[in-house]
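> Build me a model from this:
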Amino acid sequence: MEKEVQDLDALLEHTGARYVFGVSSERLICLQAALKLSSIEKCIVYEPALILNGQVDTDFLPRYNKKIADGNTAAALVTAMKGARLGPPLFNRIPRRLIEMLTKTAML
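Numbering: from 1, shown residues only. Okay, here's the model as predicted:
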């Protein structure tokens with residue numbers, strides 16, 4: 001989290017921006033940055049991804065961390081979406097490789 005806040009701080013310094021907006025996992029980064037960086041004037045977050053009181057099984061996190069470490073962002077996103085149950089039930093019936101391919105395409 002600290003590295004992400006440092007990256008956001010560098011971006012804000014470079015652009016002169018004083019407002020931040022976070023969607024998905026960036027929401028937590030924005031909130032943490034707002035606590036630490038005096039340069040942030042306003043912080044807006046949309047649907048913070050929080051797992052509270054065991055609502056979601058976190059067994060997917062090691063796989064997610066491995067995909068991130070391997071630089072496979074699309075696979076990491078799919079792992080997080082499936083693990084946190086962010087998609088409709090049909091999402092779990094679609095082959096992972098197909099969802100990863102579609103995610104990579106969407107990221108271009």
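> Next, work out how far apart T73 and L98 are.
Distance of T73 to L98, computed by CB to CB, to the nearest Å: 17 Å. C-beta: built from backbone N, CA, C; applies to glycine.
> repeat for L61
23 Å.
> likewise K66?
For K66 relative to L98 (CB to CB), the value is 20 Å.
> Neighbour count: those two, which is higher?
A direct count of neighbours by other CB atoms under 10 Å for K66 and L98 places K66 higher, at 13 against 10.
> Next up, identify which helix or strand the more buried one is on.
Remark: K66 resides in helix 61-69, with elements defined by DSSP states H and E.
> Pull out the buried residues from that helix.
Buried residues in helix 61-69, counted by 16 or more other CB atoms under 10 Å: Y64, K67.
> Just the C-alpha atoms of the next helix-or-strand element following that helix, please, in CSV.
Next helix or strand after helix 61-69 toward the C-terminus (DSSP H and E): helix 73-83. Output of helix 73-83 as CSV, limited to C-alpha atoms (Å, rounded to 0.1, in the frame of the first residue of the first chain):
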residue,chain,number,x,y,z
THR,A,73,-2.4,-8.3,-14.5
ALA,A,74,-5.3,-9.7,-16.5
ALA,A,75,-5.1,-13.0,-14.6
ALA,A,76,-4.8,-11.2,-11.3
LEU,A,77,-7.9,-9.1,-12.1
VAL,A,78,-9.9,-12.2,-13.0
THR,A,79,-8.7,-14.0,-9.8
ALA,A,80,-9.8,-11.0,-7.7
MET,A,81,-13.2,-10.6,-9.4
LYS,A,82,-13.9,-14.3,-9.0
GLY,A,83,-12.6,-14.5,-5.5
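> which secondary structure elements does helix 73-83 contact?
helix 61-69, helix 96-107 (3 or more CB pairs under 8 Å, 6 or more residues apart in numbering; DSSP states H and E).
> returning to what we had before: touching the helix holding K66 from outside, list them.
Helix 61-69 is contacted from outside by T73, A75, A76, T79, A80, G83, using CB atoms under 8 Å, 6 or more residues apart in numbering.
> Repeat the analysis, applying 10 Å as the threshold.
51, 58, 72-80, 82-84, 100 (CB atoms under 10 Å, 6 or more residues apart in numbering).
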